[in-house]
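Visitor: predicted model, plus sequence, below.
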Amino acid sequence: MPDEDDLKNKTENRRFIREKIVRPKLTKAELFKRFLLLVMGAVLFGFLAAVTFVVSQPLAKKYLIEVEEQTSPPVTVSIPKDELETSVEPETTERTEPETAAKEETTETETETEPIEEIVREEVGRYPFSLDDLVKMHSSMNELFRETDQGIVTVHSVKTEMDWFNNPVEMSGLYAGAVIAATPEEYLILTPIGAVEGADSLAVTLPGGGQVTGELKGTDRISHMAVIRIDSGQLDETMKKQLKVLDLGNSYAVKQGDLVFTAGSPAGMVHSFSMGSISYIAKNISVVDGMSRLFYTDAKGEASQGTFLFNTRGQVIGWVTDDYQTEGGDMTVIRALSDYKGVLEDLSNGIAAPYFGIMGIEVTEARRQEGLPLGVYVNTASIDGPAYNAGIQSGDIITRLGMAELATMKDFQNCLDKLSSGDVVTVEIQRYGQNRYTPIEYEVTIGAR
């Protein structure tokens, strides 16, 4: 009989049978069935994906794209500046005969065009102008005005005042405005500053008769003009087609004798116009913080309600001002647009135009020979202006603005255009005392016009 140890060894050495269940191979019919199910599943998945995309696309555009547009930065308005050809710019206060050297430097192009101009002048002199020619000319100007008038709007200014019995009374004024720029978000309108001063609300009537709400964008106390905006969302497609954005022309290209017309409120009512010509151009006029030019024309104009000057291409080249109107004068005085394009660009973008507060002239070579330093001579420092408050006085000569040395008024204007309201700039001046000029530095805080 085996003992327990033998039984234990036999049990440990015994091998157990292990079975592995193997699935039978699929038949061709079963393989085809599975392939067919796979294809049908893929088609069903693609169909569901397409339906989901179509349904979700409008919602995505509404809630995602609009949010992205709302957070995008606003479009900046850019108004290109006009360059003044100083090489051919005559002086306003002095009239001198052309020098012999200048005559000898006449270009070949000018020599070639002189005979053509003489021929044209002779032919025009021989042409028998008739009443029909005059009617055609007036018809052309009338058609040009009708096109331009699509860019003129009526600005309603509502102001609340108190009567003698302390009751609020609404006062409404009507002013002309010129549409000078447009972006996808807004239309920008140039109008007299009187339209926005003290106004509680602004309404704008479009050429087609529709009325929308206006908002103040910026003002310029020096030129007495303001820029207001109207939201493009207030205008339907018909209103937009009826509204014309006026071109801003080059005032420096205007010549004495040019045919012009005024539009806006020359007759005291919006959408009136008047024709005339440029009778005189006053150049190098000293204005606050720069030099400018003025146009004198026999076309009618009303400054307080807004009147704009146009050339025969329908471009805005200026606006009427009362600042330089002589007593008893029957001529309309116009500010040249090109001198204010930098200011208009700032106002159109909601930026306060920089203000220094002086009226000055350049130190000429003749005055330098008398001992005056090179720079900008201060004729007047505007009371309560930044320069005046800093200590700059009449008779001072500004030689440096910031890091830039000044030799001309153009240098001064270029430096000022690069500054912003609130900037603090170091200004070096030369002040006369004890028989000599002494340099002094001031810290001037640039203001807003």
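Guide: Thanks, I have the structure now.

Visitor: from L188, how far off is the residue nearest to E215 when sequence neighbours are not counted?
Guide: Nearest non-adjacent residue to E215, counting by CB to CB, 6 or more residues apart in numbering: R229, 5.2 Å away. Quick note: C-beta positions are derived from backbone N, CA and C, even for glycine. Shown here: R229 relative to L188, a distance of 6 Å by CB to CB, to the nearest Å.

Visitor: overlap in contacts of the two?
Guide: Common contact partners of R229 and L188 (CB atoms under 8 Å, 6 or more residues apart in numbering): K217.

Visitor: quick one: end-to-end length of stretch 186-199, please.
Guide: 20 Å (CA to CA, to the nearest Å).

Visitor: now V378: phi and psi?
Guide: Main-chain torsions, V378, degrees, to the nearest 10: phi -90, psi 110.

Visitor: quick one: contacts for it?
Guide: Taking CB under 8 Å, 6+ apart, one finds I358, M359, G360, A387, I392, Q393, S394, G395, D396, I397, I398, I429 in contact with V378.

Visitor: gap between it and T408?
Guide: If you go by CB to CB, the gap between V378 and T408 works out to 14 Å.

Visitor: rewinding a little: kindly indicate which of the contacts of V378 lies nearest D258.
Guide: M359 (28.4 Å; CB to CB).

Visitor: pull the contacting residues for that closest one.
Guide: By CB under 8 Å, 6+ apart, the contact set of M359 is S286, V287, V288, D289, V378, N379, T380, S382.

Visitor: residues contacting the closest residue to the last one other than its chain neighbours?
Guide: Distances taken as CB to CB, 6+ apart place G357 nearest to S382, at 4.0 Å, with adjacent residues excluded. Each residue near G357 by CB under 8 Å, 6+ apart is listed here: V288, D289, A381, S382, G385, P386, A387, Y388, G447.

Visitor: for G357, give me phi and psi.
Guide: As for G357, its main-chain torsions (degrees, to the nearest 10) stand at phi 90, psi 50.

Visitor: mind checking pLDDT for it?
Guide: Per-residue pLDDT puts G357 at 96.

Visitor: which helix or strand contains P207?
Guide: Taking DSSP states H and E as the definition, one finds P207 inside no helix or strand.

Visitor: residues in contact with it?
Guide: Contacts of P207 by CB under 8 Å, 6+ apart are D149, Q150, G151, I152, V153, Q242, L243, K244.

Visitor: for I228, same thing?
Guide: 155, 177, 188-189, 191, 195-196, 202, 204, 214-217.

Visitor: likewise T445?
Guide: Contacts of T445 (CB under 8 Å, 6+ apart): P386, N389, A390, G422, D423, V424.

Visitor: so L294 lies in a strand, does it not?
Guide: Yes - assigned with DSSP: H, G, I helix; E, B strand; the rest coil, L294 falls within a strand.

Visitor: measure G301 to V424 for me?
Guide: G301 is 40 Å from V424, by CB to CB.

Visitor: same list, the contacts of P207, but as a markdown table with secondary structure, pLDDT and distance to S338 please.
Guide: Listed next are the contacts of P207 as a markdown table, based on DSSP: H, G, I helix; E, B strand; the rest coil; pLDDT from 0 to 100; distance: CB to CB, whole Å:
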| residue | secondary structure | pLDDT | distance to S338 |
| --- | --- | --- | --- |
| D149 | helix | 96 | 23 |
| Q150 | helix | 96 | 23 |
| G151 | helix | 97 | 19 |
| I152 | strand | 98 | 21 |
| V153 | strand | 98 | 23 |
| Q242 | helix | 91 | 29 |
| L243 | coil | 95 | 25 |
| K244 | coil | 96 | 21 |
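
Visitor: now those residues: which count as buried?
Guide: Listed as buried from the contacts of P207 are D149, Q150, G151, I152, V153, L243, K244; burial here means 16 or more other CB atoms under 10 Å.

Visitor: picking up where we left off before, any idea which of the contacts of P207 is closest to T183?
Guide: Nearest to T183, judged by CB to CB, of these is L243 at 13.5 Å.

Visitor: and the helices in this structure, which stretches?
Guide: 4-13, 28-60, 66-71, 100-104, 108-126, 131-148, 237-242, 341-348, 365-369, 386-390, 409-417 (DSSP state H).

Visitor: comparing those helices by mean pLDDT, which bottoms out?
Guide: helix 100-104 - the lowest mean pLDDT of those, at a mean of 38.
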